[in-house]
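Trainee: Turn this into a model:
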Amino acid sequence: MIAHSTSESSEAYIALGANLGDREQTLLEALSLLDEHPHISVLRCSALYETEPVGYVDQPAFLNMAVAVQVMLTPEQLLTELLDIENRLGRVRDIRWGPRTVDLDLLWMQGETRDTELLQLPHPRMGERAFVLVPLSDIVPEGEISGLYTFVHSSLSLSVLDGKDGIQLWKTCNWPIESGHSGS
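Mentor: Below is the predicted model of the structure:
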């Protein structure tokens, strides 16, 4: 396990999804809330993809995306912030894999590993889900050294990937670098 303190900066990857209400607006609001946090800066965002539901399929289509963030938080602190943003945006947990206003999943944090009741890093199912891997492939740079680039691209080449046929480009994300404190 890689040691991490709150005084060190780390790059983390987060998956975002929504299938209730104004999906696109909710995802953009989640990006803004992330970037407004004093210890989180949004670095890059993927395109938005419309995806068929996986698991519980009797629900509307999702919009999914991924973001790379620079953080001065531990993985556990970042997870707490993600859960707070979900709550602020009206997330209700009624049905596992069911409809939601927003879902924020911490996927990867510089190759760190965690296996606790609260947090598993890397995210245990990200390699099985096209709705996570395709957006990640938009933002993980080829020179990334923690192993995520290789993981994402080798997982995408698998023909048994869940939901691979049910993902379509919705639109590009024009996250403004000058908003909030991003890039500063």
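
Trainee: mind checking pLDDT for residue 161?
Mentor: On pLDDT, residue 161 comes in at 64.

Trainee: for residue 53, same thing?
Mentor: As predicted, residue 53 sits at a pLDDT of 85.

Trainee: Near the nearest residue to it once chain neighbours are set aside, how many other residues are there?
Mentor: Setting aside the residues directly before and after it, residue 53 is nearest to residue 59 in space (CB to CB, 6 or more residues apart in numbering), at 5.0 Å. (C-beta placed from N, C-alpha, C; glycine too.) Using other CB atoms under 10 Å, residue 59 is surrounded by 16 other residues.

Trainee: quick one: secondary structure of residue 59?
Mentor: With DSSP: H, G, I helix; E, B strand; the rest coil as the basis, the three-state label of residue 59 is coil.

Trainee: quick one: it from residue 144, how far?
Mentor: Between residue 59 and residue 144 the computed distance is 33 Å (CB to CB, to the nearest Å).

Trainee: outside of stretch 139-159, which residues touch it?
Mentor: By CB atoms under 8 Å, 6 or more residues apart in numbering, the residues outside stretch 139-159 that reach it are 13, 44-46, 66-68, 108, 110-111, 122, 126-128, 130, 133-134, 136-137, 161.

Trainee: Residue 132 sits in which helix or strand?
Mentor: helix 130-139 (DSSP states H and E).

Trainee: Show me what the mean pLDDT comes to for that helix.
Mentor: Helix 130-139 shows a mean pLDDT of 94.

Trainee: I'd guessed residue 66 sits against residue 126; true?
Mentor: No. Counting by CB atoms under 8 Å, residue 66 stays clear of residue 126, with 9.7 Å between them.
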